[in-house]
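# Need the 3D shape of this:
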Amino acid sequence: MGPEDDPEAYLVTFERVAAVAGWAPDQWAVLLAPYLTGPAQRAYRGLPDDEARVYARVKAAILDAFEVTPETFRRRFRGKVYPPGVRPRAVAQELRDAATRWLQPEHRAPADITEQIVLEQFMHILPTPARA
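Predicted coordinates:
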């Protein structure tokens, strides 16, 4: 992964290649490590040895190093505008991807997700002095 690469796209591509190649998921971190450079490599090196062998930990450390967090995706979701000339399906997919990465439904209960959305909207509609 070079300095010009999008870390998310790089990791998604790696995961797809690893899955198609039939690599054991418990080996993914070791297979990825030699291809990391810059901040991604520093994030990997900063992990304790036991965590550096767990792909989910490596991925989280890399994304954190590039400040790719659920908040990043919340902002993408809330700030999305419909660009002229783009297919509606593509825009809908971008919204779906951002919402999924923001809300992380695979790790959270539906009630927690609902609470987060309601709280955010509530904060948005409150008068400015009440937000504090």
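# What mean pLDDT does the helix or strand harbouring Ala60 get?
Assigned by DSSP states H and E, Ala60 falls within helix 55-65. For helix 55-65, mean pLDDT is 94.
# Please enumerate residues in contact with the helix or strand just after that helix?
Following helix 55-65 in sequence order, the next helix or strand is helix 70-79 (DSSP H and E). Residues outside helix 70-79 that contact it (CB atoms under 8 Å, 6 or more residues apart in numbering) are 94-95, 98-99, 101-104, 120. All C-beta spots, glycine's among them, are computed from the backbone N, C-alpha and C.
# Just the buried ones out of those residues, please.
98-99, 101-103 (16 or more other CB atoms under 10 Å).
# which parts of the worst-scoring helix or strand of the chain on mean pLDDT are buried?
None of the helices or strands of the chain scores lower by mean pLDDT, DSSP states H and E than helix 128-131, at a mean of 78. Buried residues in helix 128-131, counting neighbours by 16+ other CB under 10 Å, are absent.
# Could you report the pLDDT at the residue lying closest to Leu32 once chain neighbours are set aside?
Closest residue in space to Leu32, ignoring its immediate chain neighbours: Phe14 at 5.8 Å, by CB to CB, 6 or more residues apart in numbering. On pLDDT, Phe14 comes in at 96.
# Next: Gly2.
The predicted local confidence for Gly2 is 73.
# thought it was touching Thr37?
Yes - if you go by CB atoms under 8 Å, Gly2 and Thr37 touch, sitting 5.8 Å apart.
# CA-only coordinates of stretch 64-71 in CSV, if you can.
As requested, the backbone C-alpha atoms of stretch 64-71 are provided in CSV (Å, rounded to 0.1, in the frame of the first residue of the first chain):
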residue,chain,number,x,y,z
ASP,A,64,-7.4,4.4,12.8
ALA,A,65,-4.0,5.7,11.5
PHE,A,66,-5.8,7.2,8.5
GLU,A,67,-8.6,8.5,10.8
VAL,A,68,-11.2,6.4,9.1
THR,A,69,-13.8,5.9,11.8
PRO,A,70,-17.5,5.6,12.1
GLU,A,71,-17.6,9.3,12.5
